[in-house]
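# Need a 3D model of the sequence below.
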Amino acid sequence: MDEIILALLILIVICSCLFAWSRNAALKRWFGLILLLLCNLVLLEIIRMMTVAPDARDGNGNPAFLFYLPAIYFIFKFCKSLFKALTDWPKWSRKGATGLMMIGLLVFGCALWQQILFAATLISEISQSGLSTPQKQNTLYFNYWNFLICIGLTFVLAGLKIRRKF
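From the prediction side, this is the model:
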């Protein structure tokens, strides 16, 4: 697990350098998006690492609370930047916008289904252990499936805005 965060942090440093040195506005926008994506992944991974297993007994508090607001901020900032990048791209057609909406709906639907399955599994594991503490529920709301739900909705909304132009 620590190797994943280390690798993501190294990629963040590389993207930060490329973002700072890039003179092209389009490249700078995409490096910024990649940088926000990596920050999201690091925060979600830290929250996942600090989540106590459903069958474990632990009473050391919930340090993952410190990362909730930054995770919400970075997810919002990423989706906002992705929306702007998609809608500002000048080469969209009506079919392309429809395809973008379809991809967004597919990502949204699959991620929502996986989130429902994940939540049902996690809740049943917690109820079987008999100890329901906030430390065990961190990943219920802050996980990769919710992040993909936000990305899918961003694609749908971007496709709707692009279709309105035609």
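
# got the phi/psi numbers for Asn143?
phi -150, psi 180 (degrees, to the nearest 10).

# Longest helix in this structure, please.
Ranked by residue count and defined by DSSP state H, the top helix of the chain is helix 94-129.

# Looking at that one now, give me its mean pLDDT.
For helix 94-129, mean pLDDT rounds to 90.

# same for it, what does it pack against?
Counting contacts by 3 or more Cβ pairs under 8 Å, 6 or more residues apart in numbering; DSSP states H and E, helix 94-129 packs against helix 138-141, helix 144-165. Bear in mind the C-beta positions are built from the backbone N, C-alpha and C, glycine included.

# gap between the residue nearest the centre of the chain and Leu18?
For the chain, Phe147 is the residue whose C-alpha lies nearest the centre (Cα atoms, centre = their mean; 3.0 Å). For Phe147, the distance to Leu18 equals 23 Å [Cβ to Cβ, to the nearest Å].

# Same question for Ala26.
13 Å.

# Look at the two and report which has more neighbours.
Using other Cβ atoms under 10 Å as the criterion, Ala26 and Leu18 rank with Leu18 on top: 15 against 11.

# what's the span of stretch 137-153 from first residue to last?
Start-to-end span of stretch 137-153 (Cα to Cα, to the nearest Å) is 24 Å.

# Going forward, count from 23.
Taking 23 as the first residue, the last one we looked at is stretch 159-175.

# what's it in contact with?
Residues from elsewhere that reach stretch 159-175 (Cβ atoms under 8 Å, 6 or more residues apart in numbering): 62, 66, 69-70, 72-73, 84, 86, 89-90, 93, 97, 101, 104, 126-134, 136-137, 140-141, 144-145, 148.

# what does stretch 179-188 contact?
Contacts of stretch 179-188 (Cβ under 8 Å, 6+ apart): 104-105, 108-109, 114, 116, 118-123, 126.

# Centre of the chain to that stretch, how far?
In terms of Cα atoms, centre = their mean, to the nearest Å, the centre of stretch 179-188 is found 23 Å from the chain centre.

# pLDDT of that stretch, averaged?
Stretch 179-188 comes out at a mean pLDDT of 89.

# In it, which residues are buried?
In terms of neighbour count (16 or more other Cβ atoms under 10 Å), stretch 179-188 has its buried residues at 179-181, 184.
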